[in-house]
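Asks: Return a 3D structure for these sequence lines:
(chains A and B)
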There are 2 protein chains.
Amino acid sequence: MTDYTPPRVWTWDKESGGAFANINRPIAGPTHDKTLPVGEHPLQLYSLATPNGQKVTILLEELLEAGKDAEYDAWLIQISEGDQFGSGFVDVNPNSKIPALLDRGASPPQRVFESGSILLYLAEKFGAFLPTEPAKRTETLNWLFWQMGAAPLLGGGFGHFYAYAPEKFEYAINRYTMEVKRQLDVLDRQLATHEFVAGDEYTIADMAIWPWYGGLVLGRAYGAAEFLDAGSYKNVVRWAAQIDERPAVKRGRMVNKANGPLEEQLRERHSAEDFLTKTQDKLEGAE
Amino acid sequence: MTDYTPPRVWTWDKESGGAFANINRPIAGPTHDKTLPVGEHPLQLYSLATPNGQKVTILLEELLEAGKDAEYDAWLIQISEGDQFGSGFVDVNPNSKIPALLDRGASPPQRVFESGSILLYLAEKFGAFLPTEPAKRTETLNWLFWQMGAAPLLGGGFGHFYAYAPEKFEYAINRYTMEVKRQLDVLDRQLATHEFVAGDEYTIADMAIWPWYGGLVLGRAYGAAEFLDAGSYKNVVRWAAQIDERPAVKRGRMVNKANGPLEEQLRERHSAEDFLTKTQDKLEGAE
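Replies: Numbers count the residues shown, from 1 in each chain, chains lettered A, B, ... in the order given. Model (predicted):
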């Protein structure tokens, strides 16, 4: 048993916190004045290529692939440097998390925050990837909201304790591993009888779920695929690999990426041509 | 430092888990065959008066209060007894969580799961508590999604480690306390300049957030109000107390309540008259 007894009133010890302790704070609001950059397109995205960030860049690239006029400027928010606490960012997202979107095509400009809200906003704005038939629309939204409630226990629970906490806490690892495996099994059963998460159409529910749970089974998250026996979720693996092949998904994963191999990074994105340069980098890197 | 090293592949130890270990499982799907009861109204709700359950019963009572034809049958799902793993329930919500809704007014009957999805579905179906003006609608959805992503770290993080885990793990308590205080501060800043969470209208965003964060500052959750210094979030307290006075909220909190004082319990709800009996119980109890 631990010998810790919580105090009557909690106080902030800035030394505690493990990895990312420097960006975790018990208070909200801006820490410094900083105006956000603005590009030429109506849609201004302020983000980073985490799973939550990828949701939106994948949707934007899919919209462009589908011929929609969804051109956007994507600006890099370095959360490890506290960019999310700048005053301009907090105006767009008072929760200081990426992704955050400003739609200058609306009058006055519309802020949209929370990745799920951004996906819904863009799907409705461009009339794509959210079925209009009521039953299909509702099922898509069921799974979109499912992802929003599930992933905090994956990212903020499992991922933290398995990969980032300063010690390996057995109780917490067991707790969140059990939940993540249950979530993977929920998806696996759904994908056993459906091509995509919400049925026979590729929707924003897939785009919300894939960066998190697809990333897990494709071995890209937390080094945890073997620990979770991710390969046993065969339907999730089938679905994840299928989506991974989509050109828009490949592009979406690169946007606002600021780590890993240089040829995979596209720290800012302002036009389709930005990817061509990167493809060239890759070809040259392969020589 | 702990001396625990995670195994190569995680396996389920059914003895671990702390409180609620009996209902936490690493696999999804039904554990037994059980048909759900069905009442006379189009809307069939299968739920329990947890914060997520209260969101929906508060909305349904608000809709009725506003004169909408939102009559419903609310059936009790005893999660401590595993009702959520019955085959009929899993058909409505493959995620085995309350609340779950079946709309028999749709053809074929429509399943709706995840509390946020149910709120959005009902608000759109009845045309209430979700502004139609685009900017207000988007801001409402921003905060609805905010709640869906934030509360798992409150309920599945803070609440578990502060109130339910078998030991007091200092690291985990600090981690989630910091986050919950940050979330309370996000709300407090928003409510400093807005009567309701998404602006000047009472919306489904308030109904989603109030059962969790209102409950915290009103001292109803985890015995943690002092620990969190909840009274310092004065705007949240003002807003929480204001909503707490609404008749529909008082009724919504009673529906599917199966613990606490008997006169506050309404284990099933099938008509407005069910509350009158309870009011009578209360009057008699006060004698």
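Asks: middle-most residue in chain A, spatially?
Replies: For chain A, residue A:52 is the residue whose C-alpha lies nearest the centre (CA atoms, centre = their mean; 1.3 Å).
Asks: need the contact list for that residue.
Replies: By CB atoms under 8 Å, 6 or more residues apart in numbering or on different chains, the contact set of residue A:52 is A:97, A:98, A:99, A:115, A:151, A:211. In short, each C-beta sits where N, CA and C put it, glycine included.
Asks: Format those as CSV; extra columns: pLDDT.
Replies: Output for the contacts of residue A:52, formatted as CSV (pLDDT from 0 to 100):
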residue, pLDDT
A:97, 98
A:98, 98
A:99, 98
A:115, 98
A:151, 97
A:211, 98
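Asks: would you turn those into CSV with secondary structure?
Replies: Converted to CSV, the contacts of residue A:52 look like this (DSSP: H, G, I helix; E, B strand; the rest coil):
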residue, secondary structure
A:97, coil
A:98, coil
A:99, coil
A:115, helix
A:151, helix
A:211, helix
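Asks: which of those residues has the most neighbours?
Replies: Using other CB atoms under 10 Å in any protein chain shown as the neighbour criterion, residue A:115 leads these with 32 neighbours.
Asks: check contacts around it.
Replies: So residue A:115 contacts A:52, A:53, A:55, A:56, A:99, A:148, A:208, B:145 (CB under 8 Å, 6+ apart).
Asks: where does the last one land on pLDDT?
Replies: Spelled out, that is residue B:145. Model confidence at residue B:145, given as pLDDT, is 98.
Asks: number of nearby residues for it?
Replies: Neighbours of residue B:145 (other CB under 10 Å): 27.
Asks: Surely it is in contact with residue A:117?
Replies: Yes. Counting by CB atoms under 8 Å, residue B:145 does reach residue A:117; the two are 4.1 Å apart.
Asks: Quick one: the helices in the stretch 51-200 of chain A, in order.
Replies: Ranges of helices in the stretch 51-200 of chain A, per DSSP state H, counting those that start in this stretch, are A:51-65, A:87-92, A:115-126, A:134-153, A:170-192.
Asks: CA atoms only: put the last one into CSV for me.
Replies: Looking back up the chat, that one is helix A:170-192. Only the C-alpha atoms of helix A:170-192 are listed here, as CSV (Å, rounded to 0.1, in the frame of the first residue of the first chain):
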residue,chain,number,x,y,z
GLU,A,170,1.2,-1.4,-12.4
TYR,A,171,-2.3,-0.6,-11.2
ALA,A,172,-2.7,2.3,-13.7
ILE,A,173,-1.2,0.3,-16.6
ASN,A,174,-3.6,-2.6,-15.9
ARG,A,175,-6.6,-0.3,-15.6
TYR,A,176,-6.1,1.5,-18.8
THR,A,177,-4.9,-1.5,-20.8
MET,A,178,-8.1,-3.3,-19.9
GLU,A,179,-10.1,-0.4,-21.2
VAL,A,180,-8.1,0.1,-24.4
LYS,A,181,-8.4,-3.6,-25.2
ARG,A,182,-12.1,-3.4,-24.6
GLN,A,183,-12.3,-0.4,-27.0
LEU,A,184,-10.3,-2.3,-29.7
ASP,A,185,-12.7,-5.2,-29.3
VAL,A,186,-15.7,-2.9,-29.7
LEU,A,187,-14.3,-1.7,-33.0
ASP,A,188,-13.2,-5.2,-34.0
ARG,A,189,-16.8,-6.5,-33.6
GLN,A,190,-18.2,-3.5,-35.5
LEU,A,191,-15.7,-3.9,-38.4
ALA,A,192,-16.4,-7.6,-38.6
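Asks: and it, is it in reach of chain B?
Replies: Yes. Contact between helix A:170-192 and chain B, assessed by CB under 8 Å from any CB of the partner chain, occurs at A:170-175, A:177-179, A:181-183, A:185-186, A:188-190.
Asks: Taking those, please make a PyMOL selection of just the buried ones.
Replies: Buried subset of the residues of helix A:170-192 next to chain B, written as a PyMOL selection, criterion 16 or more other CB atoms under 10 Å in any protein chain shown:
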select buried, chain A and resi 171+172+173+174+175+177+178+179+181+182+183+185+186+188+189+190
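Asks: could you measure the residue nearest to residue A:32 when sequence neighbours are not counted against residue B:184, distance?
Replies: In space, and not counting its chain neighbours, residue A:32 is closest to residue A:86: 5.9 Å by CB to CB, 6 or more residues apart in numbering or on different chains. According to CB to CB, to the nearest Å, residue A:86 stands 22 Å off from residue B:184.
Asks: Looking at the two, which one has more neighbours?
Replies: Between residue A:86 and residue B:184, residue B:184 has the larger neighbour count (other CB under 10 Å), namely 25 against 20.
Asks: which ones are touching that one?
Replies: B:213, B:216, B:217, B:228, B:230, B:233, B:236.
Asks: which of those come close to chain A?
Replies: Taking CB under 8 Å from any CB as the test, chain A is in contact with residue B:228 out of these.
Asks: Pick the one among the contacts of residue B:184 closest to chain A.
Replies: residue B:228 (6.6 Å; CB to the nearest CB).
Asks: Tell me who's in contact with that closest one.
Replies: Taking CB under 8 Å, 6+ apart as the criterion, residue B:228 is in contact with A:10, B:177, B:180, B:181, B:184, B:216.
Asks: Residue A:252 now?
Replies: Listed by CB under 8 Å, 6+ apart, the contact set of residue A:252 reads A:54, A:57, A:58, A:59, A:60, A:61, A:62.
Asks: Tell me the spacing between the closest residue to it other than its chain neighbours and residue A:244.
Replies: The spatial neighbour of residue A:252 that comes closest, neighbours along the chain excluded (CB to CB, 6+ apart), is residue A:58 at 3.3 Å. Distance of residue A:58 to residue A:244, given as CB to CB: 11 Å.
Asks: Those two: which is more packed in?
Replies: Each of residue A:58 and residue A:244 has its neighbours counted (other CB under 10 Å); residue A:58 has more, 26 against 15.
Asks: I figured residue A:88 hits residue A:36, correct?
Replies: Yes. Applying CB under 8 Å as the test, residue A:88 and residue A:36 come out as touching, 3.8 Å apart.
Asks: what do the two both touch?
Replies: Contacts common to residue A:88 and residue A:36, judged by CB under 8 Å, 6+ apart, are absent.
Asks: pLDDT score for residue A:1?
Replies: Reported pLDDT for residue A:1: 65.
Asks: What of residue A:75?
Replies: Residue A:75 is given a pLDDT of 98.
Asks: Roughly how far does it sit from residue A:99?
Replies: 10 Å.
Asks: Identify the contacts common to these two.
Replies: A:45, A:46, A:47.
Asks: Can you lay out those residues as CSV showing secondary structure, distance to chain B and pLDDT?
Replies: CSV is the format used below for the shared contacts of residue A:75 and residue A:99 (DSSP: H, G, I helix; E, B strand; the rest coil; distance: CB to the nearest CB, whole Å; pLDDT from 0 to 100):
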residue, secondary structure, distance to chain B, pLDDT
A:45, strand, 15, 98
A:46, strand, 14, 98
A:47, strand, 15, 98
